[in-house]
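Peer 1: with the input below, show me the fold.
(one chain, ligands or ions: 1)
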Amino acid sequence: MLQLIERQASINAPPAPSRLADPELLADIANEAAASHNLSPNSDRVQLFSRLLHDIRIGGAWKRTGGGRLPETESALIRNIAPQYREKLTLLDLGASDGITTVELVRSLRARWHGELTAYLTDRNLSLHRYRLGPLVEYRAVDGEPIMARIGRVGLRVARQRHTEDGIYTGLERWYLGFKALRKRLRFDAAISLVNPIATSEPGVVVKEMDCLCYYDDLVGKLAAIRASNVLNLGYFTPTQVQQAVQYMRSYLADDGCLVISRNSEQAASEVENGSVWLKRKDRLQWIEDFGSGSEIRDIVGKQGCAPAARI
Ligand SMILES: C[S@@+](CC[C@H](N)C(=O)[O-])C[C@H]1O[C@@H](n2cnc3c(N)ncnc32)[C@H](O)[C@@H]1O
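Peer 2: Numbering: from 1, shown residues only. A predicted model of the protein is given here:
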């Protein structure tokens with residue numbers, strides 16, 4: 001569907017269904033923020049940045065996030081991070097989107113413990129690439145997936161979906177993507193960061209591009225805690241992929257390291273967090289507690305063997 005691109009976005013509501021959020025606003029906010037100090041998660045521009053991501057889908061997964069949406073996972077980490085790591089804590093937020101929730105977690109932990117803290121803000125998609133040919137602009141993911149095409153204020157979301165009866169592309173998207181010769185002539189113009197400026201300026205936050213289905217040697221045995229919220233969903237990954245990702249995470253945890261996996265469900269005017277907590281004991285993940293109705297992948301995590309994670 002062709003949609004009008006909303007130039008003035010509101011922090012209180014996503015664009016109307018007939019509108020698309022303007023990715024250029026992300027770059028504008030980042031430029032403005034570069035000139036200001038002491039950003040707060042509550043500031044309008046910081047929240048607007050996150051709000052704009054509600055409207056971006058990459059690889060079939062929405063970039064949706066927002067301040068204040070993961071308090072239960074924060075409490076679960078505070079309860080379960082082993083005391084020996086509180087003086088020197090390294091943790092990883094998987095699928096952190098723009099990182100606003102990573103910053104909130106870091107600030108909560110710092111308010112309680114005063115040791116050294118490093119938080120990896122990780123996500124598979126940390127920027128959009130803008131390509132141009134005359135008035136035609138196409139935004140692409142880092143892996144080249146087309147996300148949105150526009151001419152002026154008229155846009156077409158072309159990001160692939162995971163589940164449609166017609167396959168991953170529907171009529172108008174397929175029609176646009178069929179202009180292969182024209183699209184080949186588009187030239188790279190700029191990269192637009194999808195990381196919230198509050199996260200890039202937060203001490204101790206390290207931004208790392210990371211695909212949970214790939215294995216990272218440099219992280220093995222290094223982490224006191226991992227949070228995976230709203231990313232390891234069965235709508236996004238197959239059970240086999242989830243199991244693979246969990247095996248990798250288990251290998252990244254240090255002994256007694258803490259894993260929190262959760263998914264928010266929308267209820268009336270609010271969101272509820274459903275999640276579970278495990279601790280790594282003797283190279284196995286031991287279930288410790290649930291919050292809400294527990295993680296939807298708890299049984300898959302429970303099937304973990306002791307085998308070392310395989311490379312893919
Ligand atoms: C719905 S957002 C969740 C953001 C944040 N954790 C929260 O709960 O507010 C899901 C994020 O997972 C990321 N993602 C999707 N596939 C991924 C993968 N294979 N590896 C790492 N991150 C991935 C997406 O880019 C997106 O930013």
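Peer 1: only C-alpha atoms from now on, for both contacts and neighbour counts.
Peer 2: Noted.
Peer 1: contact partners for residue 67?
Peer 2: Applying Cα atoms under 8 Å, 6 or more residues apart in numbering, we find residue 67 in contact with 41-42, 47, 50, 100-101, 104.
Peer 1: distance of the residue of the chain most remote from its centre from residue 194?
Peer 2: Among the C-alpha atoms of the chain, the one farthest from their average position, using Cα atoms, centre = their mean, is that of residue 181, at 32.8 Å. Distance from residue 181 to residue 194, counting by Cα to Cα, to the nearest Å: 29 Å.
Peer 1: any idea whether the residue nearest the centre of the chain is helix, strand or coil?
Peer 2: With distances taken as Cα atoms, centre = their mean, the residue of the chain nearest its centroid is residue 97 (2.7 Å). Per DSSP: H, G, I helix; E, B strand; the rest coil, the secondary structure class of residue 97 is coil.
Peer 1: ok, residue 259 - contacts?
Peer 2: When contacts are taken as Cα under 8 Å, 6+ apart, residue 259 is in contact with 225-228, 277-280.
Peer 1: beyond the lengthiest strand in the chain, next helix or strand please.
Peer 2: With DSSP state E applied, the strand covering the greatest number of residues in the chain is identified as strand 253-267. Once the chain leaves strand 253-267, the next helix or strand it forms, by DSSP states H and E, is strand 270-281.
Peer 1: send me that next one as CSV with only the CA atoms.
Peer 2: Once non-C-alpha atoms are left out, strand 270-281 reads as follows in CSV (Å, rounded to 0.1, in the frame of the first residue of the first chain):
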residue,chain,number,x,y,z
SER,A,270,-0.7,-1.4,28.9
GLU,A,271,1.9,-4.2,28.3
VAL,A,272,2.6,-7.2,30.5
GLU,A,273,6.0,-8.9,30.6
ASN,A,274,6.1,-12.7,30.5
GLY,A,275,9.5,-14.1,31.2
SER,A,276,11.8,-16.6,32.8
VAL,A,277,15.2,-16.6,34.5
TRP,A,278,17.9,-19.3,34.4
LEU,A,279,21.4,-19.5,36.0
LYS,A,280,24.3,-21.3,34.4
ARG,A,281,25.4,-24.1,36.7
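Peer 1: quick check: next helix or strand after that strand?
Peer 2: From strand 270-281 onward toward the C-terminus, using DSSP H and E, the following helix or strand is strand 284-291.
Peer 1: name every strand pairing with that following strand and say which way it goes.
Peer 2: Each strand that pairs with strand 284-291, with its direction, by DSSP bridges: strand 270-281 (antiparallel).
Peer 1: touching the ligand at all, the partner strand?
Peer 2: No: figure legend: strand 270-281 not in contact with the ligand (Cα under 6 Å from any ligand atom); closest approach 9.5 Å.
Peer 1: quick one: mean pLDDT over that strand.
Peer 2: What strand 270-281 shows for mean pLDDT is 96.
Peer 1: gap between that strand and the chain center?
Peer 2: Using Cα atoms, centre = their mean, to the nearest Å, we find the averaged C-alpha position of strand 270-281 to lie 17 Å away from the chain's own average C-alpha position.
Peer 1: can you list the buried residues in that strand?
Peer 2: Burial within strand 270-281, assessed by neighbour count using 16 or more other Cα atoms under 10 Å, is assigned to 272-280.
Peer 1: what is the nearest of those to the ligand?
Peer 2: The ligand has its nearest neighbour among the buried residues of strand 270-281 in residue 273, at 9.5 Å by Cα to the nearest ligand atom.
Peer 1: low pLDDT regions in the protein?
Peer 2: 9-17, 163-168, 304-312 (pLDDT under 70).
Peer 1: can you name the residues of the stretch 201-312 of the chain that neighbour the ligand?
Peer 2: Along the stretch 201-312 of the chain, the residues adjacent to the ligand under the rule Cα under 6 Å from any ligand atom are 210-213, 229-231.
Peer 1: break the protein into its domains for me.
Peer 2: Here the chain is described, according to automatic domain parsing, as comprising the domains 2-31+127-193, 69-125+197-304.
Peer 1: near the ligand at all, the helix or strand containing residue 192?
Peer 2: Applying DSSP H and E as the criterion places residue 192 in strand 187-193. No: contact between strand 187-193 and the ligand, assessed by Cα under 6 Å from any ligand atom, is absent, since the two come no nearer than 12.3 Å.
Peer 1: rewinding a little: can you put the residues of the stretch 201-312 of the chain next to the ligand in a markdown table and add neighbour count?
Peer 2: Below are these laid out as a markdown table (neighbours: other Cα atoms under 10 Å):
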| residue | neighbour count |
| --- | --- |
| 210 | 18 |
| 211 | 15 |
| 212 | 22 |
| 213 | 19 |
| 229 | 25 |
| 230 | 25 |
| 231 | 23 |
